[in-house]
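Participant: sequence and predicted model, in that order:
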Amino acid sequence: MKDPLVVLSGVVKRFGTFTAVHRLDLEIAQGEFIAIMGPSGCGKTTTLRMIAGLETPSEGEVRISGQVMNDVPVHERDTPLVWQSLALFPFLNARENVEFGLRMRGVDTVERRRRAMEWLERLDIGAFAERSVDTLSGGQRQRVALARSLVTEPRILLLDEPLSALDAHLVIRMQGVLTRLQRELGITFVHVTHSQSEALAMADRIVIMSEGRVVQIGRPREIYRTPGNRFVAEFVGRNNILSGISRGDAIETALGTFPAAGLPAPGRPATLVIAADLVEISQAPRDGAIPCSLISEEFVGATVTLFLEAADGTELKVQVPERALGELNQHAGSRYHLSWPADAGHVLTET
Amino acid sequence: MSGRIATGLLLGWLLLVFVFIFAPIVASVIFSFNSDRFPTIPLGSFTTHWYDTIFADAEIGEAARNSIIVSLSTSVIATTLGFATAYTDYRYRFRFKGPYLALILLPPTIPLIIMALAMLAWLSWIGASGQLWSIIIAHSVLTAPFAMAILRLRLHQIDPDLEAAAWNLGSSEWRALRSVILPFCRPAIISAACLTAAISFDEFAVAWFVSGLNKTVPVIILEIVQGNIDPQVNAIGSLVFLTSMTLVVLAQLFFIARVGRA
C-alpha cells in the first residue's frame, strides 16, 4: 500500500480474561472506504474504538499518519465517529449539534455558524437547523450526526453501524449519501457493520472478522465470489458448501465427483463452494445433474432462493430471478435437477 | 354505575386526606390575618397587623437574613456535593460501590435529634459550633443525599455514548463535563437546588443545636411560642410555608417536566 493513513500492527485487546481482538494487522489507505464486517462479538467495534482512542490496545500499535497514537487521548485525535445511537446532544438544536466540534476547537461564533449551516445545506437539512433534534426523523438525525462529524474536515470518518436503526428504504438512500460524500471529500471512511449488503454496496475493501481475528480482506467481489475460508463462505452471500477429497482435477463429495480448478494434491481434503446464484435448476433430468426435492422457498423480491434436499439429505440452495419462477411450477416436494458450470465452483483447501 | 359510585367515594376520601394534611396550615394562615390575640372562633376582623409587626421586628429580620444565607449556601454546597457523588457513581466502577452509595444516602435515615447532637458534639470538638456556617455545614450534610438522589436519576437517563461523543469531537474530559453532562443535568440541578434550599429553610432541630446566637426562622418561631401565645408565629409560619412550598413546587416542576419525561 502506497500511502497508509491508519496502521494497526499486532494489536491485541483484552478485557479481563476475555480477548476481544487477537493480534490484528491492518492497513487502511488514505481516501479508502473500508468496511469491517462480522457477526456481533467479532471485535469489529472494539477495533473501531481503538482507532478512535476510546479503547487502548493491550498490545501492539495504532498509527495514524505515521504517528503512534496509543497514548494520544481521544479528544486530540481528530477521528470523529458516527455512533450507532447517533449520540446527538438532546439539549442543543441541530445547528448547535453540528457546531459542537468547532466550538471545542475555539472557532468563533460567526465562522462556526457559517460552516455548520454549509454542512446542513450540503446534507439537505438546512431547513431544520433551528429544530430540536428530538423532533427530527431518523433520516434527518442521521444527517445531523454526519454533519457534526464532518464539519471539522477530518482525514478519517469512523462509522459504527449508524444505519442499523433506519428503515430499509432510508438505508439505501443513506448509503448513496455516504458513498457520494466519501468520493467528494476523498477522506478515509471506516465503516463497521454486520450487514453484508451495506458492506458490499459501499466499501472499496471489506475486512471480515470472526472471534477477534481477521479472516479475510478483499474487494467486495473477491469476498463474494472467492471466499478465503469456510467462515466467509457461510457468512457472505448464499453458498452451497460441499466437503470432499481432492482427486487432482476433480473433487469427490457425498453428492458425486465434480471437476474443479485449484485443488490440492490428490487425497487431500478440500471444500467446494458454489454460489447459489450460479446453480442451474431444471425439471428435466440432465447428465451429471443432482436430483433434489424442494423443501421451501424464500421470496425477497427480484430474486427467490429455493432450498432443496438431495437424496442423501444434503441441503442445497438455488437463487433464481423471480420472473424465471413461472417456468418452474414449484411446490414443496417437487423434483428438480441441479447442476453448475465447471468454472462456478470455488475450492477451499482448508477444511 | 357502581364504578361511578366507587370513583366518587375515592375522590371524597382523597379530599378528606388533603383536608387532614392542610387544615392546620390553612388555619395558621387564617389566624395570621385575624385581629384577635387568641386563635378562637368566631374570628375577629381582618388585619395585616401581625405581618407589620414581624417586618418591623429587628430580631425576626435578622433570623430571616440568617435563614436565607444558610439555605442558599446549603443549596449550593449540597447540590455540588450531590452532583459530584452522583457523577462518580455514573462514571466509575469500583469495589465497595454499594457500601459507598449506602453511606452517602445514610444521613436522612438518622433521627434528626441524634444528628443534631452528633453535629453539636463534632462541631464543638473542632471548634466550629455556634457560627452561621456551622448550620451551613450541618445542613449540607443533611440535604446532600437528596440532591444526589435527584441527580443520579437524571444521569441514569443519559445516552452512555453522549460523553464519549463529546471527547470524540475534541473536548477534554473536563470540558465534556461542562458542555455535555452539566447542560444535560440542568433541570435536575435546579430541582436539587430548590429542594435542598427548602429543606434547609424549614429545618429546626439541627439548627437549634448548632446555631448558638445565630438564630434561623424556625428557631425564632420556637422562642416566640415558648414565651407566650403570639399570633406573629402564624404570620411567620405562613411566610415560611409560602417560601418552602414555592421552592418545592419549583423543584417538582423541573423534575417532572424535564427529568420525568425524557
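Facilitator: Sure thing, it's come through. Numbering: from 1, shown residues only, chains lettered A, B, ... in the order given.

Participant: mind jotting down where the helices sit in the stretch 1-150 of chain B?
Facilitator: Per DSSP state H, counting those that start in this stretch, the stretch 1-150 of chain B has helices spanning B:2-32, B:49-56, B:58-91, B:97-104, B:112-125, B:132-155. These are given in chain order.

Participant: could I have the fifth one exported to CSV, CA atoms only?
Facilitator: Extracted in CSV, the C-alpha atoms of helix B:112-125 (Å, rounded to 0.1, in the frame of the first residue of the first chain):
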residue,chain,number,x,y,z
LEU,B,112,-32.8,14.3,63.5
ILE,B,113,-32.2,14.7,67.2
ILE,B,114,-29.3,12.2,67.1
MET,B,115,-27.9,14.0,64.0
ALA,B,116,-28.2,17.3,65.8
LEU,B,117,-26.5,16.1,69.0
ALA,B,118,-23.7,14.5,66.9
MET,B,119,-23.3,17.6,64.9
LEU,B,120,-23.0,19.8,68.0
ALA,B,121,-20.5,17.4,69.6
TRP,B,122,-18.4,17.2,66.5
LEU,B,123,-18.5,20.9,65.6
SER,B,124,-17.7,22.0,69.2
TRP,B,125,-14.8,19.5,69.3
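
Participant: buried residues, that helix. List them.
Facilitator: B:115-116, B:119-120, B:122-123 (16 or more other C-beta atoms under 10 Å in any protein chain shown). C-beta coordinates here come from the backbone N, C-alpha and C atoms, glycine included.

Participant: hmm, back to that, so which of the helices of the stretch 1-150 of chain B comes closest to residue A:73?
Facilitator: Proximity of the helices of the stretch 1-150 of chain B to residue A:73 was assessed by C-beta to C-beta; the nearest stretch is helix B:58-91, lying at 15.9 Å.

Participant: if we can go back for a sec, and the buried residues of helix B:112-125, which is closest to residue B:252?
Facilitator: Of all the buried residues of helix B:112-125, residue B:115 has the smallest distance to residue B:252: 25.5 Å, by C-beta to C-beta.

Participant: chain neighbours aside, what residue packs nearest to that closest one?
Facilitator: residue B:206 (6.0 Å; C-beta to C-beta, 6 or more residues apart in numbering or on different chains).

Participant: if we can go back for a sec, and the buried residues of helix B:112-125 as a markdown table, adding pLDDT?
Facilitator: Output for the buried residues of helix B:112-125, formatted as a markdown table (pLDDT from 0 to 100):
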| residue | pLDDT |
| --- | --- |
| B:115 | 88 |
| B:116 | 89 |
| B:119 | 88 |
| B:120 | 89 |
| B:122 | 89 |
| B:123 | 87 |
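
Participant: how about the residues you listed, which pair is most distant?
Facilitator: Longest distance between any two of those is 11.9 Å, between B:115 and B:123; criterion C-beta to C-beta.

Participant: tell me the contacts of the residue nearest to residue B:115?
Facilitator: Neighbouring residues of residue B:206 by C-beta atoms under 8 Å, 6 or more residues apart in numbering or on different chains: B:112, B:115-116, B:119, B:135, B:138-139, B:142.

Participant: before we move on, what SS does it have?
Facilitator: The three-state assignment at residue B:206 reads helix, by DSSP: H, G, I helix; E, B strand; the rest coil.

Participant: same check, this time on residue A:149
Facilitator: Under three-state DSSP, residue A:149 falls in the helix class.

Participant: that one and residue A:156 touch, don't they?
Facilitator: No - between residue A:149 and residue A:156 there is no contact under C-beta atoms under 8 Å: 10.2 Å.

Participant: list the contacts for the closest residue to residue B:63 other than its chain neighbours?
Facilitator: Nearest residue to residue B:63, sequence neighbours excluded (C-beta to C-beta, 6+ apart): residue B:220, at 4.2 Å. Residue B:220 makes contacts with B:59-60, B:63, B:236, as judged by C-beta under 8 Å, 6+ apart.

Participant: look up how far residue A:128 lies from residue B:220.
Facilitator: Remark: distance between residue B:220 and residue A:128 (C-beta to C-beta, to the nearest Å) = 57 Å.

Participant: can you check residue B:252 too?
Facilitator: 33 Å.

Participant: between these two, which has more neighbouring residues?
Facilitator: For residue B:252 versus residue A:128, the count of surrounding residues by other C-beta atoms under 10 Å in any protein chain shown is larger for residue A:128: 20 against 14.

Participant: skipping adjacent residues, who's closest to the more buried one in space?
Facilitator: The shortest distance from residue A:128 to any residue that is not its chain neighbour, by C-beta to C-beta, 6+ apart, is 5.3 Å, and that residue is residue A:94.

Participant: contacting residues for the one you found?
Facilitator: A:120, A:125, A:128-133, A:136, A:140, A:144.

Participant: could you identify the most distant pair in those?
Facilitator: A:120 and A:132 (14.4 Å).

Participant: what packs against the helix or strand harbouring residue A:25?
Facilitator: Counting by DSSP states H and E, the element that carries residue A:25 is strand A:18-29. Taking 3 or more C-beta pairs under 8 Å, 6 or more residues apart in numbering or on different chains; DSSP states H and E as contact, the helices and strands that strand A:18-29 lies on are strand A:4-15, helix A:44-52, strand A:59-64, strand A:188-193, strand A:213-218.

Participant: for the ones you listed, give me TSV that also has mean pLDDT.
Facilitator: TSV is the format used below for the helices and strands packed on strand A:18-29 (pLDDT from 0 to 100):
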stretch	mean pLDDT
strand A:4-15	93
helix A:44-52	95
strand A:59-64	94
strand A:188-193	95
strand A:213-218	94
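
Participant: so for chain B, which of these sits nearest?
Facilitator: helix A:44-52 (6.0 Å; C-beta to the nearest C-beta).

Participant: pull that closest one out as CSV, backbone CA atoms only.
Facilitator: This file holds the C-alpha atoms of helix A:44-52, laid out as CSV (Å, rounded to 0.1, in the frame of the first residue of the first chain):
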residue,chain,number,x,y,z
LYS,A,44,-15.2,-5.1,14.9
THR,A,45,-16.5,-2.3,17.1
THR,A,46,-13.6,-2.7,19.5
THR,A,47,-11.2,-2.3,16.6
LEU,A,48,-13.0,0.9,15.6
ARG,A,49,-12.9,2.2,19.2
MET,A,50,-9.2,1.6,19.3
ILE,A,51,-8.7,3.8,16.2
ALA,A,52,-10.8,6.5,17.9
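
Participant: that one - contacts with which helices or strands?
Facilitator: Under the contact definition 3+ C-beta pairs under 8 Å, 6+ apart, helix A:44-52 sits against strand A:4-15, strand A:18-29, strand A:33-37, strand A:59-64, strand A:156-160, strand A:188-193.
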